[in-house]
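*Asks:* one predicted model, sequence on top.
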Amino acid sequence: MGGLAIGPVDPFGPLAELAVRRVMLSDLVAAAKFGTGQQIDDPVREQQILDAVVAESVRRGMPSGPPAGFFRAQIEASKVVQNGLFKRWERHPDQRPARTPDLATEVRPQLDLLTEQILGQLHATVELWRPTMLCGIWRLDDIVHSLDELHRHAVAVSLRPIFAS
Ligand SMILES: C=C(O[C@@H]1C=C(C(=O)O)C=C[C@H]1O)C(=O)O
């Protein structure tokens, strides 16, 4: 997972790291859609993801509410990045991606793999969940210091469900 500095004692560290990776993958999603004129929002795909998350949580014998909430936050965060990058690329054509990755064959399979890994980490931390949030003790600053403002904001959105306020 490359160089992200998260304390080894933090049980939510791997989950946070996966959420950051999903946020960063949104750049590829945005490039795929920008290059083909596709809409950012895909409610059908979102519902498929949430339905699969609920089904897999039930299959694993976990409550499905927190996982669904966590994935809703991941989807919101992805759209923060995609909307931000679309605006950036419209304003600055020189910053547009050089390549248009294929959403179905290249990008979504990576998202699907992260979904499985995130569900695994949610399962691994199930004993630590609280009624309203999954209280984390890791340092957000350590994860996001190298990111630009847009991606920092998106990470904050993605981690709201596990960030103790
Ligand atoms: C990431 C995508 O874009 C949006 C965000 C989604 C997500 O984060 O999983 C799903 C559907 C889209 O509304 C995508 O289309 O795959």
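*Replies:* Received it, and whenever you're ready, just let me know what you need.
*Asks:* please count neighbours and contacts with C-alpha atoms only from this point.
*Replies:* Noted.
*Asks:* top helix in this protein by residue count?
*Replies:* Ranked by residue count and defined by DSSP state H, the top helix of the chain is helix 65-91.
*Asks:* can you list contacts of the following helix or strand past that helix?
*Replies:* Heading C-terminal from helix 65-91, the first helix or strand you meet, by DSSP states H and E, is helix 108-124. Here helix 108-124 makes contact (C-alpha atoms under 8 Å, 6 or more residues apart in numbering) with Pro14, Leu15, Leu18, Ala19, Arg22, Leu25, Val53, Ser57, Arg60, Met62, Pro67.
*Asks:* again, 7 Å this time
*Replies:* Residues from elsewhere that reach helix 108-124 (C-alpha atoms under 7 Å, 6 or more residues apart in numbering): Pro14, Leu15, Leu18, Arg22, Pro67.
*Asks:* can you give me the distance of the last one to Leu103?
*Replies:* In this structure, Pro67 lies at 24 Å from Leu103, with C-alpha to C-alpha, to the nearest Å as the measure.
*Asks:* before we move on, what about the third one?
*Replies:* Spatial separation of Leu18 from Leu103 under the definition C-alpha to C-alpha is 20 Å.
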